[in-house]
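Asks: Predicted coordinates and the sequence they were generated for:
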Amino acid sequence: MCDRIERGAVLPIKEQPDDGDFTGYTAMVADLWLDRDFTLRARAVGLSWLPFVAPPEHAETQEIARERLRRTYRLNDEEKQGLSRLSRKQGGRIAIVAAAVASRIDRYPVWRLGLFDEGRVRIDLAGEVTYAVDAAKALAEQERLLGPPPVGRMARDPVAAGLYIEKARVLEQRADALLARVEAFEEYRQIVAGIQEDANRQHWLDRVGSIDDLDAAAQAVADGMYADSLRLTAAESRAWATVYLPRTEPISAKLTAPTDGLT
């Protein structure tokens, strides 16, 4: 059961920048899995971000919490190993996918607009990731309690075998429900991506549509007339050169001729 995630194969499995840093949402997953305080990673003090700063120097606000999630972090070996262990569990892989989806949504510029608040359709990205990690931890503990299928005499015991099958089916349904929730989360991301595309299109139309057709046409006529004037000036320059250059030859000859008796 722990290896089943076929339905989620189309979802992004990880979200890690090319430079090796991890997104804030993935770092939060690592901290939640290791029972650490994610807010200690970066705290706003004045105009700076510093780690491990306790109150009253640090005052937590919604803006600070959002910016912390939008930063990237380098994880140490223990944290990377924690993510690796998490990724080997069914619920853990789902939680990592939830972090990737949340990170992508948060990077859309349109996500920072007020339309999601005005329509009351904004969801709590950090809340979704936190829920997925908590569910993954609970599922992992329940799978640990369930253990491997009974063997030997216990396997032949109808009560024991029946109880194991029943509990395994319940955990499987729990994992499927969690995966369905993250799939819906990904569908929400696709909607936000579509809104971003619409916003990009409208921005392009507004930018290109702002071009003044009359002004552009007038400038085109003026530039054409100026080009004709330049061509006329060039032709006149060529004609004047044919007259002027021969007149300068005698003067040049006098200036360059050797002069006897002068030192």
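Replies: Now that the structure is in, tell me what you want to look at. Numbers count the residues shown, from 1 in each chain.
Asks: And R41, its phi and psi?
Replies: Main-chain dihedrals, R41, degrees, to the nearest 10: phi -60, psi -40.
Asks: Going forward, count from 53.
Replies: Will do, 53 is the new start, and the previous item becomes R93.
Asks: So what's the residue count around it?
Replies: For R93, the count of nearby residues is 18 (other Cβ atoms under 10 Å). In this view, the C-beta of every residue, glycine as well, is placed from N, C-alpha and C.
Asks: show me the contacts for it.
Replies: With contact set as Cβ atoms under 8 Å, 6 or more residues apart in numbering, R93 has these partners: A79, D83, P103, R120, Y125.
Asks: I'd like to know which of those residues are buried.
Replies: A79, D83, R120, Y125 (16 or more other Cβ atoms under 10 Å).
Asks: Give me the subset of the residues you listed that lies in helices.
Replies: A79, D83, R120 (DSSP state H).
Asks: any chance of those residues in TSV, with distance to V149 and pLDDT too?
Replies: Shown next, in TSV, are these (distance: Cβ to Cβ, whole Å; pLDDT from 0 to 100):
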residue	distance to V149	pLDDT
A79	16	94
D83	17	93
R120	21	89
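Asks: Of the contacts of R93, which is the nearest to G276?
Replies: R120 (58.0 Å; Cβ to Cβ).
Asks: Nearest spatial neighbour of that closest one, chain-adjacent residues omitted?
Replies: A94 (5.1 Å; Cβ to Cβ, 6 or more residues apart in numbering).
Asks: you'd agree the one you found is up against R123?
Replies: Yes - A94 is within contact range of R123, at 5.9 Å (criterion: Cβ atoms under 8 Å).
Asks: pLDDT below threshold where in the protein?
Replies: Flagging of the chain using pLDDT under 70 yields the residue ranges 53-72, 96-110, 263-270, 291-293, 295-315.
Asks: now the residue positioned nearest the centre of the chain: how far from G76?
Replies: The residue lying closest to the centre of the chain (Cα atoms, centre = their mean) is R159, at 4.2 Å. For R159, the distance to G76 (Cβ to Cβ, to the nearest Å) stands at 11 Å.
Asks: what do you get for D275?
Replies: 52 Å.
Asks: Would you mind finding the longest helix in this structure?
Replies: Per DSSP H, the chain has its longest helix at helix 210-261.
Asks: packing partners for that one?
Replies: helix 142-159, helix 177-198, helix 204-208 (3 or more Cβ pairs under 8 Å, 6 or more residues apart in numbering; DSSP states H and E).
Asks: What angle do helix 177-198 and that helix make with each other?
Replies: If you take axes from the mean of the first three to the mean of the last three Cα atoms, to 10 degrees, helix 210-261 sits at 160 degrees to helix 177-198.
Asks: and stretch 238-248, how far out from the chain's middle?
Replies: 13 Å (Cα atoms, centre = their mean, to the nearest Å).
Asks: Just the CA atoms of that stretch, as CSV, please.
Replies: Provided in CSV are the C-alpha atoms of stretch 238-248 (Å, rounded to 0.1, in the frame of the first residue of the first chain):
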residue,chain,number,x,y,z
GLU,A,238,-3.4,20.8,-8.4
GLU,A,239,-6.6,21.5,-10.3
TYR,A,240,-6.9,24.7,-8.3
ARG,A,241,-3.3,25.6,-9.4
GLN,A,242,-4.3,25.1,-13.0
ILE,A,243,-7.2,27.5,-12.6
VAL,A,244,-4.8,30.1,-11.2
ALA,A,245,-2.4,29.5,-14.1
GLY,A,246,-5.3,30.1,-16.5
ILE,A,247,-6.1,33.4,-14.7
GLN,A,248,-2.4,34.3,-15.0
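Asks: buried residues in it?
Replies: E238, Y240, R241, V244, I247, Q248.
Asks: can I get those in a markdown table with distance to I175?
Replies: Below are the buried residues of stretch 238-248 laid out as a markdown table (distance: Cβ to Cβ, whole Å):
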| residue | distance to I175 |
| --- | --- |
| E238 | 12 |
| Y240 | 7 |
| R241 | 10 |
| V244 | 10 |
| I247 | 14 |
| Q248 | 16 |
